[in-house]
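> Give me a model of this one.
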Amino acid sequence: MGIVGGGAWGTALAVVAAEAGRNVTIWAREPEVTDSINTHHENRLFLPGAVLPPQITATAELEPLAACDVLLMVVPAQFIGKTLALLGPMVPSGTPAILCAKGIEQGSLRLTTDVLKAEAPHLVPAVLSGPSFAVDVAKGLPTAVTLAVEDSDLGDRLMHAIGQPFFRPYLSNDLVGAQIGGAVKNVLAIACGIVEGKKFGPSARAALTARGFTEMTRLGAALGGRPETMAGLSGLGDLILTCNSTLSRNMSLGKALGEGQSLQDILAERTSVAEGYYTASAVRALSQKHQIDMPICDAVADIVDEAKEVDQAIADLLNRPFTQEGL
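Just a heads-up that it's a prediction; the model follows:
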């Protein structure tokens, strides 16, 4: 099995696959990551403290992944296209590619499955998404996720290839819904982080989470996602997790913004990507394209695009007209 991306999540998924009895090859851009994994059986840069099984090896070259029977694409959403353009021609037709990044491509507004279809149409798409912090998964703590695959037989094979008592995939064939949930919840997590940084209290965070879920559901429906997917692990489940813990890179980014730190200072201090930072503008563009009201996501986009100060964006939200619930 090949893991394309050597960050915390890619490393945690490698642990899951190794525990399931698979030999795993991780591709990483950073030489310090490949050296750390191969020499010390640890990803000291992105997942320090997690001891990696010996059947996990790392490489800085894409060629070794061409022989893998399954690929897990764990590079950030904005880099999937470039990576697939390089890797795709090396991989045999029909190889499953499980898309694990939670984002929407800026500019093109493509979901990750659309990117795969454009750059490597001979690969078979699947989506893995749900409430799962890398550190929890690497420790073997109980986790459940959505595994979305169009072909049920392939889905069953993939589910048993990576499934563990502590890592439970639930099958779906709604690839669009699984992707929308994962992408939008990152934007909403930034908003919840701002609430935390401003010390608005748990009542405000709960209200924002619930109203944010309404926005997520609207966009999912407009793009063809099913309501039960939005209310499942890859939608509501992931939203609950990400909006309630600063272990979330997106929530912690929002918290720092709410505390008054500048966006550029926050980003400069980080080695890992907060997908919501890049996805916010894409979500806003999609909502405008489909004429969907998503005021919370719009506010986050204004903040990360530096079109509005945090306090102004909050004031604009709080002064919206009163309305009926569900609208």
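
> And the strands in the stretch 1-150 of the chain?
2-4, 24-27, 56-59, 71-73, 96-99, 124-129, 143-149 (DSSP state E, counting those that start in this stretch).

> I'd like the ones you listed as JSON lines, with distance to residue 291 appended.
(Glycine included, C-beta is placed from N, CA and C.) Below are those laid out as JSON lines (distance: least, CB to CB, whole Å):
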{"stretch": "strand 2-4", "distance to residue 291": "36"}
{"stretch": "strand 24-27", "distance to residue 291": "41"}
{"stretch": "strand 56-59", "distance to residue 291": "46"}
{"stretch": "strand 71-73", "distance to residue 291": "31"}
{"stretch": "strand 96-99", "distance to residue 291": "28"}
{"stretch": "strand 124-129", "distance to residue 291": "26"}
{"stretch": "strand 143-149", "distance to residue 291": "26"}
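
> Out of those strands, which is closest to residue 298?
Nearest to residue 298 among the strands of the stretch 1-150 of the chain is strand 124-129 (23.2 Å), distances taken as CB to CB.

> about what we covered before: with mean pLDDT, distance to residue 229 and mean neighbour count as extra columns, can I get the strands of the stretch 1-150 of the chain in CSV?
Below are the strands of the stretch 1-150 of the chain laid out as CSV (pLDDT from 0 to 100; distance: least, CB to CB, whole Å; neighbours: other CB atoms under 10 Å):
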stretch, mean pLDDT, distance to residue 229, mean neighbour count
strand 2-4, 98, 25, 27
strand 24-27, 98, 28, 25
strand 56-59, 98, 31, 20
strand 71-73, 98, 20, 28
strand 96-99, 98, 15, 25
strand 124-129, 98, 10, 26
strand 143-149, 98, 7, 23
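
> Please name whichever of those strands is nearest to residue 155.
Across the strands of the stretch 1-150 of the chain, the minimum distance to residue 155, taken as CB to CB, is reached by strand 143-149, at 3.6 Å.

> Centre of the chain to that closest one, how far?
With CA atoms, centre = their mean, to the nearest Å as the basis, strand 143-149 stands 13 Å off its chain's centre.

> Show me the chain divided up by domain.
2-173, 176-318 (automatic domain parsing).

> Tell me which of those lies nearest to residue 326.
domain 176-318 (7.3 Å).

> any weak-confidence spans in the stretch 51-200 of the chain?
Within the stretch 51-200 of the chain, no stretch has pLDDT under 70.

> which stretches of it form helices?
80-87, 112-119, 134-139, 152-162, 175-197 (DSSP state H, counting those that start in this stretch).

> what comes up buried for the last one?
Spelled out, that is helix 175-197. 175-197 (16 or more other CB atoms under 10 Å).

> cool, and the second one?
Using 16+ other CB under 10 Å as the test for burial, helix 112-119 gives 112, 113, 114, 115, 116, 119.

> need the domains of the chain in CSV with distance to residue 327, can you?
Shown next, in CSV, are the domains of the chain (distance: least, CB to CB, whole Å):
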stretch, distance to residue 327
domain 2-173, 25
domain 176-318, 8
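
> of those, which approaches residue 325 most closely?
domain 176-318 (8.6 Å).

> hmm, back to that, can you list the helices of the stretch 51-200 of the chain in a markdown table and add distance to residue 205?
Below are those laid out as a markdown table (distance: least, CB to CB, whole Å):
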| stretch | distance to residue 205 |
| --- | --- |
| helix 80-87 | 31 |
| helix 112-119 | 28 |
| helix 134-139 | 21 |
| helix 152-162 | 33 |
| helix 175-197 | 5 |
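
> who wins for proximity to residue 309 among those helices?
Nearest of the helices of the stretch 51-200 of the chain (CB to CB): helix 175-197, 11.5 Å.

> From the chain's centroid, how far away is that closest one?
Relative to the centre of its chain, helix 175-197 is centred 9 Å away, using CA atoms, centre = their mean.

> residue contacts, residue 74?
3, 4, 5, 7, 9, 10, 13, 100, 101 (CB atoms under 8 Å, 6 or more residues apart in numbering).

> Looking at those residues, which one is closest to residue 147?
residue 100 (10.4 Å).

> Confirm for me that the closest one is in contact with residue 126.
No. Using CB atoms under 8 Å, residue 100 is not in contact with residue 126; the gap is 9.5 Å.

> And the residue nearest the centre of this structure?
residue 102 (2.6 Å; CA atoms, centre = their mean).

> residues touching the residue lying closest to it once chain neighbours are set aside, list them.
Leaving aside its chain neighbours, residue 102 sits nearest to residue 182 (3.4 Å; criterion: CB to CB, 6 or more residues apart in numbering). Residue 182 is in contact with 102, 103, 127, 129, 130, 234, 238, counting by CB under 8 Å, 6+ apart.

> Good, we can wrap up now.
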